[in-house]
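Novice: The sequence and its predicted three-dimensional model are supplied below.
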Amino acid sequence: LDTLVRLSTLLGASDQQAVDLRAVVEATLAPYRDAGNLHLEGPRRLLPARIARTLSLMLHELATNAAKYGALSRDGGTVDLAWSSIEAPEGRLVLTWTERGGPPVEPPRRRGFGCTLIEQSAQHGLGGTARLAFGREGVSCRIELPLPP
């Protein structure tokens, strides 16, 4: 709930507003940053509020799972979140979430709510893709989203 309040304050009431991606990431992941095991890297980039809101929900799901089961659930675990923009031929935002140092990962036997939320939000909500990988060393996710001009 704290994350939703921070995000709502940041975004305001209008879907027409643009908001800085780094500010969205920092507001979304604030509850997990105390231990210094989250590393963020990427340029400042304005996003429409609609994209920022959906992306925040996706990142919140990744962080929650990392805190319960993954790299953020134990000392020494880390998460690297990096993003960049690809401008040509069409604008795209690429984010990569990489967990290391957590418990050994077993691929899920079935697709749960979190995986579905992340993948469907990217595809149907934003016209992009999200690819989750469950490597033994940690979960990773690559999100690609089209950016408006």
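Specialist: Done, it's in.
Novice: Low-confidence bits of this structure, can you list those?
Specialist: Applying pLDDT under 70 to the chain flags the ranges 1-16, 88.
Novice: Run through the strands of it in chain order.
Specialist: For the chain, the strands defined by DSSP state E occupy 18-20, 38-41, 46-48, 78-86, 92-100, 129-135, 138-146.
Novice: With distance to residue 71 and mean neighbour count added, can I get those in TSV?
Specialist: Quick note: C-beta positions are derived from backbone N, CA and C, even for glycine. Output for the strands of the chain, formatted as TSV (distance: least, C-beta to C-beta, whole Å; neighbours: other C-beta atoms under 10 Å):
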stretch	distance to residue 71	mean neighbour count
strand 18-20	26	17
strand 38-41	9	14
strand 46-48	26	16
strand 78-86	5	17
strand 92-100	4	20
strand 129-135	12	15
strand 138-146	5	20
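Novice: can you tell which of those is closest to residue 29?
Specialist: For residue 29, the closest of these is strand 38-41, at 5.9 Å, according to C-beta to C-beta.
Novice: Next, work out how far apart the residue lying closest to residue 37 once chain neighbours are set aside and residue 54 are.
Specialist: Spatial nearest neighbour of residue 37, excluding adjacent residues (C-beta to C-beta, 6 or more residues apart in numbering): residue 78 at 4.8 Å. Per C-beta to C-beta, to the nearest Å, residue 78 is found 25 Å from residue 54.
Novice: still on that earlier bit, dump the strands of the chain into CSV; add distance to residue 111 as well.
Specialist: Output for the strands of the chain, formatted as CSV (distance: least, C-beta to C-beta, whole Å):
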stretch, distance to residue 111
strand 18-20, 30
strand 38-41, 26
strand 46-48, 27
strand 78-86, 22
strand 92-100, 17
strand 129-135, 9
strand 138-146, 14
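Novice: Can you say which of those strands is nearest to residue 107?
Specialist: Between those, strand 129-135 lies closest to residue 107; by C-beta to C-beta that is 4.1 Å.
Novice: ok, residues contacting that closest one?
Specialist: Applying C-beta atoms under 8 Å, 6 or more residues apart in numbering, the external contacts of strand 129-135 come out as 58, 105-108, 115, 118-119, 121-123, 139-144.
Novice: Counting residues, which helix of the chain comes out longest?
Specialist: helix 49-68 (DSSP state H).
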